[in-house]
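In: Here is a sequence together with a model predicted from it:
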Amino acid sequence: MPENASLPVPASSPLPDRVTTDVLLIGAGIMSATLGTLLKSLEPDWSITLLERLDGPAKESSDPWNNAGTGHSALCELNYTPQLPNGDVDVSKAPVVNEQFQLSREFWAHCVDEGLLGDPSSFINPVPHVSFVRGAENVEYLRKRYDKLSANPLFEGLEFIDDRDEFARRLPLMAQGRAADDTVAVSWNDAGTDVDFGALTSAFVDHLARQGAEIRYGHHVKNLTRETDGTWRVKAKDRLHGTTVTINAKFVFVGAGGGALTLLEKSGIPEIKGFAGFPVSGQFMRCLDPAVAERHEAKVYGMAAVGAPPMSVPHLDTRVIGGERSLLFGPFAGWTPKFLKEGSFTDLPLSIRPHNLMPMAAVGVTSWGLIKYLVMELAKGRGKKIEELRVFAPEVDGDDWEIITAGQRVQVVRKKGKAGGSLEFGTTVVNSADGSIAGLLGASPGASTAVSAMLDVLERCFGDRVEGWRPKLTDLVPSYGTSLEENPKLLAELREWTDRSLKLTRP
């Protein structure tokens, strides 16, 4: 949203010119909302202030139409189980991602049981997670992946299906019109979910407000300065009233999505040196027709194109948003220098500093495959996008589908060696040495692992308090500090509890 865009009149008076708070959260997305809820549970007496540039929570990456809402647990995302040059399949990352999502499930279940969150079906619903491949070589790869993962208790219930009749029974929209000689296979797991992170974020922010947190929209943070006593002086423009607010905070978390890099640079902490951001935009195709949506109940992930970033893996998803089922296909990658969907075209050039110029240049030299992929994606018209949709569902009517703009993602560029740089596709926590400020960079798996990421923030920034918090933390997240892969009995008990509390038991 442009800085001079109109915003609704606030229901309360403007903040005073100067404010003091224990915790300042910048950005009203799932990360800030999760961290705020954790801290309010651990330290109920701490004051919390949340500032959001836009006119409400979850307007950027946490909005349900800006992300796939997969509930990333590596059940179906093939980029977490790559095939090696020797033909073997590396499944080492999949259990890590799965365990991170289990932490999210546990925290959400606790919040439902304690009344912090309402009806769980408003933000999470059971939807099978499915991996889909075509061609004999890819079918063999999927079988190897299944053989390795199916023995792991985290992937209990994983099925391998290459029978065409069973494929058609489970995925009728994808089977109709498919050529008889099209060799296909899927892996299937009923433990998957669809998550509306916008609804979840809003519920957490509402809870924080009820607990006395100061929630302010239309506040654009302009600068951060460390004071001599170790606190932070943060200046923000109140876009509703045209005034400037100064906030003094003991701890600052920058959960501003793509805008986090710029704010962390302004903070001047040495830990941000060498980091840069590479923005990738995109689109989805959406079908809101109930008659079409009822013929496909699954999140089906395919294989990434050669040179494509992991976030661009094609998938045909059931979505449950506002109680209504729909279908989403994509994403189709694009490019813009904006770091936020409602950002500025100057975001990328203004983020380039002497400390990250060489890493960015190095990535530009070594990432021609990605650049070529983005150029080809930008050249795709509506017809080509419908063709790609028909790889998944051969006989869909293109008129039933509309193109929507996805959320903006900023991939992490990290300094490597003296003059090198690497492009990364995960999420990265950056914090000052004294733990007084932290921020989150990156994208996938993002929102699905918010609880894991924010527990990491607590350990990094409040290390002297974590041991004292541990009993409460294990109440909030029972498997905190424990490997579920190595404790299958505990995993089974927690899975039964979270399924029941979150209403995820399938008929």
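Out: Arrived safely, thanks for sending.

In: Just want to check the distance between residue 339 and residue 259.
Out: 6 Å (CB to CB, to the nearest Å). Heads up, the C-betas are built off the backbone N, CA and C, glycines and all.

In: what are the ranges of the strands in the stretch 201-350 of the chain?
Out: Per DSSP state E, counting those that start in this stretch, the stretch 201-350 of the chain carries strands over the ranges 214-217, 219-226, 232-238, 243-254, 275-287, 299-301, 315-321, 324-334.

In: Overlap of the contact sets of residue 339 and residue 259?
Out: residue 347 (CB atoms under 8 Å, 6 or more residues apart in numbering).

In: So what sits opposite residue 18 in the bridge?
Out: Beta bridges link residue 18 to residue 246, judged by DSSP bridges.

In: who touches it in this structure?
Out: 245-248.

In: filter the residues you listed to the buried ones?
Out: 245-247 (16 or more other CB atoms under 10 Å).

In: Pipe these into JSON lines and attach pLDDT per row.
Out: Putting those into JSON lines (pLDDT from 0 to 100) gives the following:
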{"residue": "245", "pLDDT": "95"}
{"residue": "246", "pLDDT": "96"}
{"residue": "247", "pLDDT": "97"}
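
In: coming back round to it: may I see the strands of the stretch 201-350 of the chain organised as CSV, with distance to residue 436 added?
Out: As requested, these are exported to CSV (distance: least, CB to CB, whole Å):
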stretch, distance to residue 436
strand 214-217, 19
strand 219-226, 7
strand 232-238, 7
strand 243-254, 6
strand 275-287, 18
strand 299-301, 39
strand 315-321, 38
strand 324-334, 36
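
In: For residue 34, find the nearest of the ones you listed.
Out: strand 243-254 (10.2 Å; CB to CB).

In: how about the contacts of residue 18, which pair is most distant?
Out: 245 and 248 (10.8 Å).

In: Touching both of the two, which residues are there?
Out: Contacts common to residue 245 and residue 248, judged by CB under 8 Å, 6+ apart, are 18-19.

In: which residues of the stretch 351-500 of the chain score low on pLDDT?
Out: 365, 368-369, 443-445 (pLDDT under 70).

In: no wait, the stretch 201-350 of the chain
Out: 306-311.

In: I'd like to know which of the contacts of residue 18 is nearest to residue 277.
Out: Scanning those for proximity to residue 277, where the rule is CB to CB, the winner is residue 247, at 25.1 Å.

In: Might one say that the closest one is in contact with residue 19?
Out: Yes. Here residue 247 lies in contact with residue 19, judged by CB atoms under 8 Å, at a distance of 4.6 Å.

In: Which neighbours do the two have in common?
Out: Shared contacts of residue 247 and residue 19, counting by CB under 8 Å, 6+ apart, come down to residue 49.

In: Please work out which of the strands of the stretch 201-350 of the chain is packed deepest.
Out: Each of the strands of the stretch 201-350 of the chain was assessed for mean neighbour count using mean count of other CB atoms under 10 Å. The highest is strand 299-301, with a mean of 25.

In: What is that one packed up against?
Out: Applying 3 or more CB pairs under 8 Å, 6 or more residues apart in numbering; DSSP states H and E, one finds that strand 299-301 contacts strand 129-134, strand 315-321.

In: any chance of those in TSV, plus distance to residue 195?
Out: Supplementary listing: these in TSV, determined by distance: least, CB to CB, whole Å:
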stretch	distance to residue 195
strand 129-134	12
strand 315-321	9
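
In: right, and those strands - which one's nearest residue 154?
Out: The nearest among those, by CB to CB, is strand 129-134 at 12.7 Å.

In: Would you mind checking the average pLDDT for that closest one?
Out: Averaging pLDDT along strand 129-134 yields 97.

In: Return the distance of the helix or strand just after it from the chain's centre.
Out: Next in sequence after strand 129-134, counting helices and strands by DSSP states H and E, comes helix 136-149. Distance, stretch centre to chain centre, for helix 136-149: 27 Å (CA atoms, centre = their mean, to the nearest Å).

In: buried ones in helix 136-149?
Out: Those would be 138-139, 141-146, 148-149, for helix 136-149 by 16+ other CB under 10 Å.

In: before we move on, what about stretch 339-357?
Out: In stretch 339-357, the ones that count as buried by 16+ other CB under 10 Å are 339-341, 343, 347-348, 351, 356.

In: Could you find which two of those are furthest from each other?
Out: The most widely separated members of these, counting by CB to CB, are 341 and 356 (22.7 Å).

In: quick one: residue 23 and residue 250 touch, right?
Out: Yes. With contact defined as CB under 8 Å, residue 23 reaches residue 250; the gap is 7.2 Å.

In: Of the contacts of residue 18, just say which sits nearest to residue 488.
Out: Of the contacts of residue 18, the one sitting nearest to residue 488 (CB to CB) turns out to be residue 247, at 47.0 Å.

In: where's that closest one relative to residue 53, distance?
Out: 14 Å.

In: that older thread, can you tell me which of the contacts of residue 18 is nearest residue 131?
Out: Nearest to residue 131 among those, with distances taken as CB to CB, is residue 247, at 46.5 Å.

In: And the residue lying closest to residue 398 once chain neighbours are set aside, how far from residue 403?
Out: Excluding its sequence neighbours, the residue lying closest to residue 398 (CB to CB, 6 or more residues apart in numbering) is residue 386, at 4.2 Å. For residue 386, the distance to residue 403 equals 10 Å [CB to CB].

In: and if you look at residue 15?
Out: Going from residue 15 to residue 403 by CB to CB gives 40 Å.

In: okay, these two: which has more neighbours?
Out: A direct count of neighbours by other CB atoms under 10 Å for residue 15 and residue 403 places residue 15 higher, at 20 against 13.

In: list the contacts for the more buried one?
Out: Going by CB under 8 Å, 6+ apart, residue 15 touches 214, 216, 219, 238, 245.

In: returning to that earlier point: tell me which of the helices and strands packed on strand 299-301 sits nearest to residue 398.
Out: strand 315-321 (14.3 Å).

In: Given that closest one, what are its sheet partners and their directions?
Out: When sheet partners are counted by DSSP bridges, strand 315-321 sits next to strand 299-301 (antiparallel), strand 324-334 (antiparallel).

In: want to try CSV for those strands, with distance to residue 189 as columns?
Out: Output for the strands paired with strand 315-321, formatted as CSV (distance: least, CB to CB, whole Å):
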stretch, distance to residue 189
strand 299-301, 10
strand 324-334, 19
